[in-house]
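Q: predicted model, plus sequence, below.
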Amino acid sequence: MRKHKNLVTGIALIVIGLAVTTAGSIVVHMTEAPPFDSLGRELFPNVPRGWILTTVAQLVALGGVLVAMAGVTVAWVYKRTLTWATAMLGALLFTALMFIIFAIIPNQFLTLTQATLEWTPRKIFVTIPLVLALNNEVSISYAVLKDMIAAGYASTMLILVPVVMYKWQERPKKVVAPKPAPVSHYGRPLRVDP
């Protein structure tokens, strides 16, 4: 019965995740499209454009992918007998999640900051006061800020992923233990009338 419930829940999550991913991808396609095609006709005239809407739509599509992956996990991996096929599917899902965390998200962040926001070494983020820099002119550019954010994200994920995986494997197992029988001061069991 539990396997059937997990299967139905997982398939529902897959369908919802794929629908959300498709909707987000369509919005990304429409917002990133050029305003005019090669013949000079206007493309998607009623669709607002801009990097904020595109980024939000990309996050929605990513969320849909993660929901679909969770659906596959619930339907065919979670609380199932561990077989070679189940282990292979779990490893495939974990590898795909690691690609998303360590490849796709940093790539999209760097693309956004370099191409769209133009965080270049010429743009100054902050200039450190001369008093704090021993009368030397020290400034931090947006390119340095971008690299600091990317490195901080990668470092955080490299620590967070193993910790979460360890905590998940060590989560408390529910053990059904019989309730201890009351004993007297002399160590003999007491009879409790209901």
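A: Right, received. Where do you want to start?
Q: checking my notes, Gly90 in a helix, right?
A: Yes - assessed with DSSP: H, G, I helix; E, B strand; the rest coil, Gly90 lies in a helix.
Q: which helices and strands does the helix or strand Ile26 falls within pack with?
A: Element membership for Ile26, per DSSP states H and E: helix 2-32. Packing partners of helix 2-32 (3 or more Cβ pairs under 8 Å, 6 or more residues apart in numbering; DSSP states H and E): helix 51-76. (Glycine included, C-beta is placed from N, CA and C.)
Q: buried set for the helix it packs on?
A: Within helix 51-76, the residues that count as buried by 16 or more other Cβ atoms under 10 Å are 53-55, 57-58, 60-62, 64-65, 67-76.
Q: what's the spacing between the nearest residue in space to Thr73 that is not next to it in sequence and Ile100?
A: Distances taken as Cβ to Cβ, 6 or more residues apart in numbering place Leu93 nearest to Thr73, at 5.8 Å, with adjacent residues excluded. As judged by Cβ to Cβ, to the nearest Å, Leu93 and Ile100 stand 11 Å apart.
Q: again with Trp76
A: For Trp76, the distance to Ile100 (Cβ to Cβ) stands at 19 Å.
Q: for the closest residue to Thr31 other than its chain neighbours, give me its contacts.
A: Taking Cβ to Cβ, 6+ apart, and ignoring the residues beside it in sequence, Thr31 has Thr54 as its nearest neighbour in space, at 4.6 Å. By Cβ atoms under 8 Å, 6 or more residues apart in numbering, Thr54 lies in contact with Val28, Thr31, Glu32.
Q: I figured Ala12 hits Gly71, correct?
A: Yes - here Ala12 reaches Gly71: they are 7.1 Å apart, a contact under Cβ atoms under 8 Å.
Q: mind pulling up the pLDDT for Val175?
A: As summarised for this prediction, Val175 has a pLDDT of 67.
Q: from Tyr166, how far off is the residue nearest to Thr73?
A: For Leu93, the distance to Tyr166 (Cβ to Cβ) stands at 18 Å.
Q: give me the more crowded residue out of those two.
A: Using other Cβ atoms under 10 Å as the criterion, Leu93 and Tyr166 rank with Leu93 on top: 16 against 9.
Q: export the helix or strand harbouring the more buried one as PDB, just CAs?
A: Per DSSP H and E, Leu93 falls inside helix 84-99. Output of helix 84-99 as PDB, limited to C-alpha atoms (Å, rounded to 0.1, in the frame of the first residue of the first chain):
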ATOM      1  CA  TRP A  84      21.000  -2.600  -8.500                       C
ATOM      2  CA  ALA A  85      18.400  -0.700 -10.500                       C
ATOM      3  CA  THR A  86      17.300   1.400  -7.500                       C
ATOM      4  CA  ALA A  87      20.800   2.200  -6.500                       C
ATOM      5  CA  MET A  88      21.600   3.200 -10.100                       C
ATOM      6  CA  LEU A  89      18.600   5.400 -10.300                       C
ATOM      7  CA  GLY A  90      19.500   7.000  -7.000                       C
ATOM      8  CA  ALA A  91      23.100   7.600  -8.100                       C
ATOM      9  CA  LEU A  92      21.900   9.100 -11.400                       C
ATOM     10  CA  LEU A  93      19.600  11.500  -9.600                       C
ATOM     11  CA  PHE A  94      22.300  12.500  -7.100                       C
ATOM     12  CA  THR A  95      24.800  13.100  -9.900                       C
ATOM     13  CA  ALA A  96      22.200  15.200 -11.800                       C
ATOM     14  CA  LEU A  97      21.600  17.200  -8.600                       C
ATOM     15  CA  MET A  98      25.400  17.800  -8.200                       C
ATOM     16  CA  PHE A  99      25.600  19.000 -11.800                       C
END
